[in-house]
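S.K.: Fold the stuff below for me.
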Amino acid sequence: MALQLIKLLVTASTTTDVVPSPQKFFHVTASQTAAGSTLTIDAASFFQDDGTVVSTLPSLASNNSYFNVYINGVLQQQENSTYTPGATGVGSLAFAVPAGGDPILQNTPVVLEIVNYAPTSTTNIST
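M.R.: Residues are numbered from 1 along each chain as shown. A predicted model of the protein is given here:
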């Protein structure tokens, strides 16, 4: 019998389920925020979809999440926002209103959208 290369035959397939967990938080400004100022909204000043007050803003999953800020229904640039997760007095959203622009008027809706992902993967190996 001649020499042969003996090798393993292995096949593998991986299925990954992307599982987003979106949350939305709402706020209506109580006063005008001038251009060049910062609008800071405490966790307890937000309310949820069902109208209940927020007690804690959720953490962002490391490398697997994002947040968006909408002011008066318009998506805002990320660099103007600072998000801090946590309970009342700690958790907040700070939005720096660009100098030279328009102010944020009283009674303007602000929506904070947070999306965390919890992906799961399954690998099947056949030999």
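S.K.: and Glu79, that one's in a strand?
M.R.: No. Counting by DSSP: H, G, I helix; E, B strand; the rest coil, one finds Glu79 to be helix, located in no strand.
S.K.: Quick check: pLDDT value at it.
M.R.: At Glu79, the pLDDT value in this model is 95.
S.K.: Now for it, how many residues are close by?
M.R.: 8 (other Cβ atoms under 10 Å). Quick note: C-beta positions are derived from backbone N, CA and C, even for glycine.
S.K.: Could you do Val97 as well?
M.R.: A count of neighbours around Val97, defined by other Cβ under 10 Å, yields 19.
S.K.: Report the mean confidence score over the helix or strand where Thr122 lies.
M.R.: Assigned by DSSP states H and E, Thr122 belongs to strand 120-126. Averaging pLDDT along strand 120-126 yields 92.
S.K.: next one: stretch 47-64
M.R.: According to the model, stretch 47-64 has a mean pLDDT of 94.
S.K.: what do you get for stretch 6-17?
M.R.: 91.
S.K.: so who does the closest residue to Thr29 other than its chain neighbours touch?
M.R.: Distances taken as Cβ to Cβ, 6 or more residues apart in numbering place Thr108 nearest to Thr29, at 4.7 Å, with adjacent residues excluded. Contacts for Thr108 (Cβ atoms under 8 Å, 6 or more residues apart in numbering) come out as Val28, Thr29, Ile71, Asn72.
S.K.: so which of those residues is the most crowded?
M.R.: Busiest of these [other Cβ under 10 Å] is Ile71, holding 21 neighbours.
S.K.: With adjacent residues omitted, what lies nearest to that one?
M.R.: Val110 (5.4 Å).
S.K.: Can you name the residues that contact that neighbour?
M.R.: Phe26, His27, Val28, Thr29, Leu39, Ile41, Val69, Tyr70, Ile71, Leu93, Phe95, Ile104.
S.K.: next one: the helix or strand where the fifth one lies to chain centre, how far?
M.R.: Taking DSSP H and E as the definition, Leu39 sits inside strand 38-42. With Cα atoms, centre = their mean, to the nearest Å as the basis, the distance from the averaged C-alpha position of strand 38-42 to the chain average is 17 Å.
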